[in-house]
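Engineer: Following is a predicted model, sequence given first.
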Amino acid sequence: MTATASVSLYDQLKAALIAFVPVATATIVRGGNLGAKMLVLPDRVAGTLGDPALDDRAATDARALLVEERSETRPYPVGKREAAVDVFIETFPPPPTLLIFGAVHVAQALTRMAKILGFRVIVSDARAKLATRERFPEADQIVQAWPDDALTELKIERNTYVAILTHDPKFDEPALLGTLETKARYIGAVGSRTTNRDRRDRLRAAGVGDASLSRVHGPIGLNIGAETPEEMAISILAEIIAVRHDRHGGPLSEATGNIRGRTLEPPPGSAESEPLNSTPAARSSER
């Protein structure tokens, strides 16, 4: 690889990271053409590992690993040779985004704690007196708009987690209707079990199907008896982390298998086989 090509790949990697575009690098670390590097973006690749078939396989695997947010070294045959090269695929997924509707007290605590965990945080509220930089100095973006308008200017991807905290149907129901049409990984709504049940009935009457409603985690958060804004923020973030790693959200003393990171093949009762908000251990206490 020439120095010019190397600089070009570096510049493209840097630009992708700045723009929050998911990107991966694939580098041959053992075998022929040692050090050859390729950049894998959602819609294209740059560079080459020296073999078109190898480029295709490595790019496919890199995009799958980006979804799983993990890096890995994998062996690949080249031509008729078995395991001719090892390729280190390093992924750079964009940081998870927490989108908060409702600039309330819980949102302030939630923003502070989410930033500590590495989330990019967006706070949206139509009430200009609440959605201010003074109240949310740590937020990456503040959108003073009604949910319908805010959603037209926000890009919601699979790594977006939505917390709806408004306690007001004229805010939270448009936010739910809008975000249910997106790829958001998590959508949670504050309110008691009765409030959420009534909200679901209204959304169902408005034409929202049960499959979409099953995506809503409401009451939002894990059942830890949270009372203060800070405790509620911990409850919400705990549920988000559980969903992010395909976990059930129960106590570790009852866990089986690896207790760290993502569960790729979750057992029955976990987040993939059963909606997290349908299990008693994952419901918030009525607020």
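Structural biologist: Yep, it's here.
Engineer: ok, the spatially most central residue of the chain - contacts?
Structural biologist: The structure's the chain has its C-alpha centroid closest to residue 159; by CA atoms, centre = their mean the separation is 2.4 Å. Counting by CB atoms under 8 Å, 6 or more residues apart in numbering, residue 159 touches 93-97, 185. (Each C-beta comes from the backbone N, C-alpha and C, glycine too.)
Engineer: From these, pick the one nearest residue 31.
Structural biologist: Among the contacts of residue 159, residue 93 lies closest to residue 31 (CB to CB), at 27.0 Å.
Engineer: which non-adjacent residue is nearest that closest one?
Structural biologist: In this structure, residue 93 finds its nearest non-sequential neighbour in residue 69, 4.8 Å apart by CB to CB, 6 or more residues apart in numbering.
Engineer: neighbours around the one you found, how many?
Structural biologist: 17 (other CB atoms under 10 Å).
Engineer: Show me how this structure divides into domains.
Structural biologist: 19-92, 97-282 (automatic domain parsing).
Engineer: which one of those has the lowest average pLDDT?
Structural biologist: Lowest mean pLDDT within the domains of the chain: domain 97-282, a mean of 87.
Engineer: For the longest strand belonging to the chain, enumerate the helices and strands it packs against.
Structural biologist: Counting by DSSP state E, the longest strand found in the chain is strand 81-92. If you count contacts as 3 or more CB pairs under 8 Å, 6 or more residues apart in numbering; DSSP states H and E, strand 81-92 packs onto helix 3-18, strand 23-30, helix 52-68, strand 72-78.
Engineer: got the CA positions of it in CSV?
Structural biologist: Provided in CSV are the C-alpha atoms of strand 81-92 (Å, rounded to 0.1, in the frame of the first residue of the first chain):
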residue,chain,number,x,y,z
ARG,A,81,-5.4,-22.5,0.0
GLU,A,82,-7.0,-23.2,3.4
ALA,A,83,-6.9,-20.3,6.0
ALA,A,84,-4.3,-18.5,3.9
VAL,A,85,-4.6,-15.2,5.8
ASP,A,86,-5.8,-13.8,9.1
VAL,A,87,-7.7,-10.6,8.9
PHE,A,88,-8.2,-8.3,11.9
ILE,A,89,-11.6,-6.5,11.5
GLU,A,90,-11.7,-3.5,13.8
THR,A,91,-15.1,-1.8,14.1
PHE,A,92,-15.9,1.7,14.9
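Engineer: Which parts of the stretch 51-200 of the chain are strands?
Structural biologist: Secondary structure of the stretch 51-200 of the chain (DSSP state E, counting those that start in this stretch): strands located at 72-78, 81-92, 97-101, 120-124, 141-143, 160-164, 186-189.
Engineer: could those be laid out in CSV, adding mean neighbour count?
Structural biologist: Compiled in CSV, the strands of the stretch 51-200 of the chain are given as follows (neighbours: other CB atoms under 10 Å):
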stretch, mean neighbour count
strand 72-78, 15
strand 81-92, 17
strand 97-101, 27
strand 120-124, 25
strand 141-143, 18
strand 160-164, 27
strand 186-189, 25
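Engineer: which one of these lies closest to residue 27?
Structural biologist: Closest approach to residue 27 among the strands of the stretch 51-200 of the chain (CB to CB): strand 81-92, 5.0 Å.
Engineer: Need the contact partners of the closest one.
Structural biologist: Strand 81-92 has contacts (CB under 8 Å, 6+ apart) with 13, 16-17, 22-33, 49, 54, 58, 61-62, 65-66, 69-78.
Engineer: Same question for stretch 172-179.
Structural biologist: Contacts of stretch 172-179 (CB under 8 Å, 6+ apart): 99, 101-102, 146-148, 151, 156, 162, 164, 166, 187, 189-191, 199, 202-203, 206, 208, 216.
Engineer: Count the neighbours of residue 182 for me.
Structural biologist: Neighbourhood size, residue 182 [other CB under 10 Å]: 17.
Engineer: starting at the chain centroid, how far to stretch 179-193?
Structural biologist: On the basis of CA atoms, centre = their mean, to the nearest Å, stretch 179-193 sits 13 Å off its chain's mean C-alpha point.
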